[in-house]
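In: Return a 3D structure for these sequence lines:
(chains A and B)
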Protein chains: 2
Amino acid sequence: MSTTTEPRPTCSIARTLEVIGDRWSVLILREAHRGRTRFADFRDVLGIAPNILTNRLAALVEAGVLEKREYRPEGERTRSSYHLTPAGVDLKLVLAALQQWGDVHEPRKEGPTVLRRNTRTGGLATVGFLDENGNAVPDRDVTFEPVPGGPADRLIWR
Amino acid sequence: MSTTTEPRPTCSIARTLEVIGDRWSVLILREAHRGRTRFADFRDVLGIAPNILTNRLAALVEAGVLEKREYRPEGERTRSSYHLTPAGVDLKLVLAALQQWGDVHEPRKEGPTVLRRNTRTGGLATVGFLDENGNAVPDRDVTFEPVPGGPADRLIWR
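Out: All right, here's what the predicted structure looks like:
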C-alpha cells in the first residue's frame, strides 16, 4: 500500500506493487476477475474480516482499479458493488503472470487451482513475451534496458 | 513476506506474492536481473539501509530465488554475492508484467524508465497471453477457470 511519507517510486514495478502488493488486494482482484462484485460475496469466499475488506476495497477504488457503484435489492437498503475499471481489467495479465510462476515454482502437491483458458479455442493460454508481430519471444532474449538519461542512470533508483 | 502463523495459501498468486510482494524485494530482484550480485552494489543503487537489505536478501535466498555465494577480492576479506536461481530467472516475466502495467496505468510524466528489449532483433518486447503455438491471444479471450474439485469449489478459497 502506498504511504504518504515516501516519495512516489520512479520504478514502474514498485508503483504497481503499491496498488496490488498486498495479499488481500490480489485475492480481491482475483475474485473481481471471476465476476464477483458484492461485498458479502468477497467476504464469504475469502473469509476476510469485514473491516479489512472495507479498507482494501477503498484502497483499490482509490488506486483506480475498482469502481464503486450503488444498487438496491428489492425491499432492502442500498448496497455497494465493486467493478473493475479498464486499469483493473488490465491487471489480468499481472495476476496470470504471478499465478503461472507460483504454479511452477511454489506448487501445491495437489496441482494448480486455476487454469488460464482461451475461451475462443478451448485451449490453455500461457503468459510470455511477444514481439511486435504477436509472436512468442523466449525469456532469455529479453533484457531490461534503462532509458538513457532516465532514473536508472542516477545514483539511486527506486 | 511469509508469516509462520498463517497456513500456506492455496492460491498461486498469493504464494508468489509471499516471495516478491514487498517493494524492496522486487527492487532487489530487478537489480539482480540487471546483473548486480554484490551487497554493496544493491545497497548503493537502491539507497537501502544495510539491515533491511540483509533481511531481504536472506528472505530471497530462503525463498529459493537467489543463491548466496562467497568470493574474496584480492587482499580483502571474504564477501557474499547473490545470484538468481532458475526460479529467480523465471521471475523476469512477472517483473515485466508488473512494469508494463505500471508504465500504462501509473505512468510518470517523464515516461517509462526501462524498456524490454528483444536482444535478438533489437525490437521491443511486450508481455501478453500466448496459445499453444506461441501466438498472441487477446486478454479478453482468456478466463481464469477453477480446476474442478479444487479449492475454488470450497467455501473459502485464499
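In: Tell me how many other residues surround the closest residue to residue A:130 other than its chain neighbours.
Out: Distances taken as C-beta to C-beta, 6 or more residues apart in numbering or on different chains place residue B:128 nearest to residue A:130, at 4.6 Å, with adjacent residues excluded. From N, CA and C alone the C-beta is placed, and that goes for glycine too. Residues within reach of residue B:128, counting by other C-beta atoms under 10 Å in any protein chain shown, total 22.
In: any low-confidence regions in chain A?
Out: Applying pLDDT under 70 to chain A flags residues A:1-7, A:151-155.
In: any idea which helix is longest in it?
Out: helix A:91-105 (DSSP state H).
In: now that helix against helix B:91-105, angle please.
Out: Calculated by axes from the mean of the first three to the mean of the last three C-alpha atoms, to 10 degrees, helix A:91-105 forms an angle of 170 degrees with helix B:91-105.
In: For the residue minimising distance to the centre of chain A, list the residues it contacts.
Out: Taking C-alpha atoms, centre = their mean, the centroid of chain A lies closest to residue A:91, which sits 4.4 Å from it. Counting by C-beta atoms under 8 Å, 6 or more residues apart in numbering or on different chains, residue A:91 touches A:20, A:29, A:33, A:65, A:84, B:101.
In: okay, now the closest residue to the fourth one other than its chain neighbours: neighbour count?
Out: In space, not counting the residues next to it along the chain, residue A:65 is nearest to residue A:88; the distance is 3.7 Å by C-beta to C-beta, 6+ apart. As a burial measure, residue A:88 scores 23 neighbours (other C-beta under 10 Å).
In: What of residue A:137?
Out: 24.
In: and if you look at residue A:22?
Out: 17.
In: Can you tell me how far it is from residue B:18?
Out: As judged by C-beta to C-beta, to the nearest Å, residue A:22 and residue B:18 stand 11 Å apart.
In: Which residues are in contact with the closest residue to residue A:126 other than its chain neighbours?
Out: With C-beta to C-beta, 6+ apart as the criterion, residue A:126 has its nearest non-adjacent residue at 5.2 Å, and that residue is residue B:130. Counting by C-beta under 8 Å, 6+ apart, residue B:130 makes contact with A:125, A:126, A:127, A:128, A:130, A:136, B:136, B:137.
In: in the sheet, who's paired with the last one?
Out: Put plainly, it is residue B:137. For residue B:137, the beta-bridge partners are residue B:129 (DSSP bridges).
In: these two touch, right, it and residue B:131?
Out: Yes - counting by C-beta atoms under 8 Å, residue B:137 does reach residue B:131; the two are 5.1 Å apart.
In: Find the residues that touch each one of those two.
Out: Shared contacts of residue B:137 and residue B:131, defined by C-beta under 8 Å, 6+ apart, comprise A:118, A:125.
In: Is the residue nearest to residue A:65 within a helix or a strand, and which one?
Out: helix A:86-89 (DSSP states H and E).
In: Give me the buried positions along that helix.
Out: Residues of helix A:86-89 classed as buried by neighbour count (16 or more other C-beta atoms under 10 Å in any protein chain shown): A:87, A:88.
In: same deal with stretch A:40-58?
Out: Buried residues in stretch A:40-58, counted by 16+ other C-beta under 10 Å: A:42, A:45, A:46, A:48, A:53, A:56, A:57.
In: On the three-state scheme, the residue located most distally from the centre of chain A is what?
Out: Relative to the mean C-alpha coordinate of chain A, counting by C-alpha atoms, centre = their mean, the farthest residue is residue A:75 (34.8 Å). Following DSSP: H, G, I helix; E, B strand; the rest coil, residue A:75 is assigned to coil.
In: roughly how far apart are it and chain B?
Out: Here the criterion is C-beta to the nearest C-beta, to the nearest Å. By it, residue A:75 lies 27 Å from chain B.
In: Also residue A:58?
Out: Distance of residue A:58 to chain B, given as C-beta to the nearest C-beta: 18 Å.
In: got the contact list for the helix or strand containing that residue?
Out: Assigned by DSSP H and E, residue A:58 falls within helix A:50-62. Residues outside helix A:50-62 that contact it (C-beta under 8 Å, 6+ apart) are A:1, A:19, A:22, A:24-25, A:28-29, A:39, A:42-43, A:46, A:48, A:66-68, A:82, A:88.
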